[in-house]
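In: I would like the atomic coordinates for the input below:
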Amino acid sequence: MLSFEEKKTIFHSFNLKEKKISNGRVNFIYPESKQKGQVLATQLHPSGNGYVIGKYMSKDTIMKHRYKVDPRGWISIRDFSKDELMSVISDAMKSMNGIQEVTEMVVEKKDNPPIAANQALQNSSALEVYPGSCLFAWLGLTLSSMEFGYLVWKKALRKYGGISLLK
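Out: Residues are numbered from 1 along each chain as shown. Okay, the predicted model is just below:
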């Protein structure tokens, strides 16, 4: 098992930014991340425990290196060797950049032969690709109708002297 200082040295070799948090723990930030978050490693503790983000990694990468990803999407690096730690950091950086290994995913449709996953995404509509689109459409409709109602009432109050009614 690597010491706390050895692990920090490895993280610094990847030009990650160190951010101190409570109880002597540190996080490492990857500013070039194209994902929602920029935290690549969290809760690196002097006891040797810490976590590297695994939720953006492809299943092939996780299976290939036998990473154990917890339900939150983090990989514990407590007992990692130097080579294993360098490998998981490299894989995490690639996944945060959106670089995934090309997989042999096949999408099958009824009555159609199997096609590659990227072709399936190109052929599908936006509603199939993004599952929350119905919710966003409903919210957009609701907000636009509220705004329209506001404009109608505002114009009516000005036109019919509603300001005197408010006094």
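
In: and the gap between R78 and V88?
Out: Taking C-beta to C-beta, to the nearest Å as the measure, R78 falls 12 Å from V88. (C-beta placed from N, C-alpha, C; glycine too.)

In: which helix or strand in the chain has the lowest average pLDDT?
Out: strand 106-107 (a mean of 40; mean pLDDT, DSSP states H and E).

In: next one: the nearest residue to S87 once chain neighbours are set aside from P31, what distance?
Out: Leaving aside its chain neighbours, S87 sits nearest to H65 (6.4 Å; criterion: C-beta to C-beta, 6 or more residues apart in numbering). Counting by C-beta to C-beta, the gap from H65 to P31 is 25 Å.

In: now E84
Out: Separation of E84 from P31 (C-beta to C-beta): 24 Å.

In: now do S144
Out: Counting by C-beta to C-beta, the gap from S144 to P31 is 37 Å.

In: repeat that for M1.
Out: For M1, the distance to P31 - C-beta to C-beta - is 29 Å.

In: who's more crowded, these two?
Out: M1 (12 against 9; other C-beta atoms under 10 Å).

In: now for the longest helix anywhere in the chain, which elements pack on it?
Out: Criterion DSSP state H: the longest helix present in the chain is helix 133-159. Helices and strands touching helix 133-159, by 3 or more C-beta pairs under 8 Å, 6 or more residues apart in numbering; DSSP states H and E, are helix 126-129, helix 162-166.

In: could you identify which of the ones you listed has the lowest mean pLDDT?
Out: Lowest mean pLDDT of the helices and strands packed on helix 133-159: helix 126-129, a mean of 46.

In: wait, K68 touches I77, no?
Out: No. Counting by C-beta atoms under 8 Å, K68 stays clear of I77, with 10.5 Å between them.

In: comparing the two, which residue is more hemmed in?
Out: I77 (23 against 9).

In: and this structure, what are its domains?
Out: Here the domain parsing of the chain from automatic domain parsing is 4-96, 125-167.

In: off-centre distance for the first one?
Out: Mean C-alpha position of domain 4-96 versus that of the full chain (C-alpha atoms, centre = their mean, to the nearest Å) differs by 14 Å.

In: end-to-end on that domain?
Out: With C-alpha to C-alpha, to the nearest Å as the measure, domain 4-96 spans 24 Å from end to end.

In: quick one: average pLDDT of it?
Out: Per-residue scores along domain 4-96 average to 93.

In: quick one: the helices in the protein?
Out: For the chain, helices defined by DSSP H occupy the ranges 4-13, 59-65, 82-96, 117-123, 126-129, 133-159, 162-166.
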